[in-house]
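Participant: The sequence and its predicted three-dimensional model are supplied below.
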Amino acid sequence: MVQVKREDRRKVYEYLLNEGVIVIKKDFQLEKHNDTGVQNLHVWMLLRSLKDKNLVELVFSWQYYYYYIKTEGVKYLRDKLGFVEEVVPFTFRKTDKNYEVEQAEGGRQQRPPRGPGDRGGFGRGGFGRGRGERRPQEQAAEPQAEAPAQ
C-alpha cells in the first residue's frame with residue numbers, strides 16, 4: 001500500500017474539486033504529475049480509491065486515465081476539505097452563450113459556395129472507384145460527341 005502525505009492528498013483533491021476532471025498518464029515511473037506536482041503513482045492511487053467509492057467516473061483511452069467527478073464526489077470533497085457550497089467544479093459551471101449570438105449576427109464572414117473544380121481534381125472517385133475514371137452511370141448520362149466524318 002502506498003502512503004500519501006496529507007498535503008499531497010489535499011493538492012490532488014483541491015485540483016479535482018476546482019477542475020472537475022483530472023488526467024493521469026499511465027506511466028507510474030513519472031516523478032511528478034503535471035497539474036498537481038504530486039508523484040504520479042500517488043495521484044493514481046488516490047483517484048483509484050475515489051473510483052472504488054463511486055465518487056468519480058473513469059475513462060481510459062490511449063494510455064491516459066480521465067477521472068470525472070460526480071455530484072456525490074463534489075459533496076464528499078467539500079466535506080473532506082472543509083469548503084463552502086459556492087465551490088463548484090469548472091466542468092459543472094454554465095458557459096456563456098453570447099459568443100454564439102455574435103457569430104450568428106455577422107461575426108464570421110460567409111464563404112462563397114464551392115464549385116466543382118475547387119478541389120483540384122480530387123472530387124472524383126472514392127473507395128473502390130479507381131483513379132478517377134468515370135463510372136458507367138456517368139458515361140451513359142453524358143451525350144456522346146460525334147466523331148467528325150471523313
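Facilitator: Looks like it came in fine.
Participant: Can you tell me which helices and strands the helix or strand containing residue 78 packs against?
Facilitator: For residue 78, the host element (DSSP states H and E) is helix 71-81. The contact analysis (3 or more Cβ pairs under 8 Å, 6 or more residues apart in numbering; DSSP states H and E) places helix 71-81 against helix 6-19. Glycine gets a C-beta too; all of them are placed from N, C-alpha and C.
Participant: Contacts made by the helix it packs on with the rest, please.
Facilitator: 22, 33, 35-39, 42-43, 46-47, 50, 56, 67, 69, 73-74, 77-78, 80-81, 83, 87, 89-91 (Cβ atoms under 8 Å, 6 or more residues apart in numbering).
Participant: coming back round to it: for the helix holding residue 78, output the C-alpha coordinates as CSV.
Facilitator: Once non-C-alpha atoms are left out, helix 71-81 reads as follows in CSV (Å, rounded to 0.1, in the frame of the first residue of the first chain):
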residue,chain,number,x,y,z
THR,A,71,-22.1,15.2,-7.8
GLU,A,72,-21.6,12.8,-4.9
GLY,A,73,-17.9,13.3,-5.3
VAL,A,74,-18.3,17.1,-5.1
LYS,A,75,-20.2,16.7,-1.8
TYR,A,76,-17.6,14.3,-0.4
LEU,A,77,-14.6,16.5,-1.3
ARG,A,78,-16.3,19.7,0.0
ASP,A,79,-16.8,17.9,3.4
LYS,A,80,-13.3,16.4,3.3
LEU,A,81,-11.6,19.7,2.5
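Participant: Show me which residues of that helix are buried.
Facilitator: Across helix 71-81, burial judged by 16 or more other Cβ atoms under 10 Å covers 73-74, 76-78.
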